[in-house]
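A.B. asks: sequence first, predicted model second:
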Amino acid sequence: MKNLKKLLISICSVLLATAWLAPLFWLVCTALTEPTFKMTFFPNSGFTLGNIMYVWNAIPFGRYYLNTLFLVAVTFCIQFVTSTLAGYALGVMEFKGQYLVMAVIFMQIIIPNDVLITPNFMTLSEMGLTDTKLGIMLPFYGSALAIFLLRQHFKTIPRALAEAARIDGANIWQTIWQVYMPCAKPAYMSFAVISVSYHWNNYLWPLIVTNSPANRTLTVGLAIFAKSKEANMQWANVCAATLIIILPLLIAFFILQRQFMSSFVSAGIKE
């Protein structure tokens, strides 16, 4: 009976994996084969890199790459600092109104980011930050999800470690950076995956805020390219542009998938 159960689980896992990988397989094959007017799941034309070269030269993908890398890196670094400090304050320190603040942060997790687009855009317009990289990043400098993850993880760290550090002469900053942060590596890794993938694939907010190619991201550039005459009504060109965008995340996942999976498992374990 146990062997039959394991077999059924394995079959279901293979079927689900196949269903998830089928679109990716079609995208890669279409992007790396010569364009045809007949759309098929399996490639029926020769291998070529011409689609990639055509797309790369058709629109300023280099600029879009630099913009996206800059936005993702700076946003995550600032979230790293702000979320660490907020998570420590809510998870370790005690002050009046602590649970009220945590309730407000938890409400922020429940509310979708798209609901806040209008008030955020109006605020940025009054500040004169539309069509700027700072305007794209500013609403995401604080992450309620990161604060919640770190707060929950910090609460599981024995206070004896922090007390031992204080006895050795460590101040509050040294306690955070040298005691709590190393113990919370799984939580940081989990949030890094969520933050980087979200901001790399974010489309609606950069589309609304930006107007010039100098500040556009990869997703906005892909949408504009797919509707432009440069796409030439060819799925091969659109798939090539999509492959250019998702390739860094795919490579990172395949290289670091073991660390990703272990970080999510460890972050979910509470003592």
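C.D. replies: Structure received.
A.B. asks: now do the SS call for residue 79.
C.D. replies: helix (DSSP: H, G, I helix; E, B strand; the rest coil).
A.B. asks: tell me the phi and psi of the nearest residue to it once chain neighbours are set aside?
C.D. replies: Spatial nearest neighbour of residue 79, chain neighbours left out: residue 143 (4.8 Å); criterion: CB to CB, 6 or more residues apart in numbering. Backbone N, C-alpha and C define where each C-beta goes, glycine included. For residue 143, the backbone dihedrals (degrees, to the nearest 10) come out as phi -120, psi 120.
A.B. asks: ok, residue 143 touching residue 81?
C.D. replies: No. Residue 143 is not in contact with residue 81 according to CB atoms under 8 Å; the separation is 11.1 Å.
A.B. asks: and those two? Which one has more around it.
C.D. replies: When neighbours are counted by other CB atoms under 10 Å, residue 143 and residue 81 differ, and residue 143 comes out ahead with 25 against 10.
A.B. asks: need the contact list for that one.
C.D. replies: The contact partners of residue 143, by CB atoms under 8 Å, 6 or more residues apart in numbering, come to 79, 82-83, 191, 195.
A.B. asks: give me the buried entries from the residues you listed.
C.D. replies: Buried members of the contacts of residue 143, scored by 16 or more other CB atoms under 10 Å, are 79, 83, 191, 195.
A.B. asks: closest one to residue 168 out of those, please.
C.D. replies: Residue 168 lies nearest to residue 83 out of these, by CB to CB, at 26.3 Å.
A.B. asks: nearest residue to residue 41 in space, please, no chain neighbours.
C.D. replies: Spatial nearest neighbour of residue 41, excluding adjacent residues (CB to CB, 6+ apart): residue 26 at 5.7 Å.
A.B. asks: gap between the one you found and residue 204?
C.D. replies: Residue 26 sits 26 Å away from residue 204, going by CB to CB, to the nearest Å.
A.B. asks: out of the two, which sits in the busier spot?
C.D. replies: Neighbour count, other CB under 10 Å: between residue 26 and residue 204, residue 26 has more, with 17 against 12.
A.B. asks: center of the chain, which residue is that?
C.D. replies: residue 197 (2.0 Å; CA atoms, centre = their mean).
A.B. asks: which ones are touching it?
C.D. replies: residue 249.
A.B. asks: mean confidence for the strand or helix carrying it?
C.D. replies: For residue 197, the host element (DSSP states H and E) is helix 185-201. Averaged across helix 185-201, pLDDT comes to 87.
A.B. asks: what lies in contact with the next helix or strand after it?
C.D. replies: Later in the chain than helix 185-201, the nearest helix or strand by DSSP H and E is helix 204-209. Applying CB under 8 Å, 6+ apart, the contact partners of helix 204-209 are 113-114, 117, 120-121, 124, 130-132, 135-136, 139, 216-217, 219-220, 223.
A.B. asks: apply 7 Å and report the result again.
C.D. replies: 114, 117, 121, 124, 130-131, 135-136, 216-217, 219-220 (CB atoms under 7 Å, 6 or more residues apart in numbering).
A.B. asks: can you give me the offset of that helix from its chain's centre?
C.D. replies: Using CA atoms, centre = their mean, to the nearest Å, the mean C-alpha position of helix 204-209 is found 16 Å from that of the whole chain.
A.B. asks: again, but for stretch 7-15
C.D. replies: Remark: stretch 7-15 is offset 29 Å from the chain centroid, using CA atoms, centre = their mean.
A.B. asks: so how far is the helix or strand residue 90 falls within off the chain centroid?
C.D. replies: Here residue 90, judged by DSSP H and E, is contained in helix 61-91. How far helix 61-91 lies from its chain's middle: 10 Å, per CA atoms, centre = their mean.
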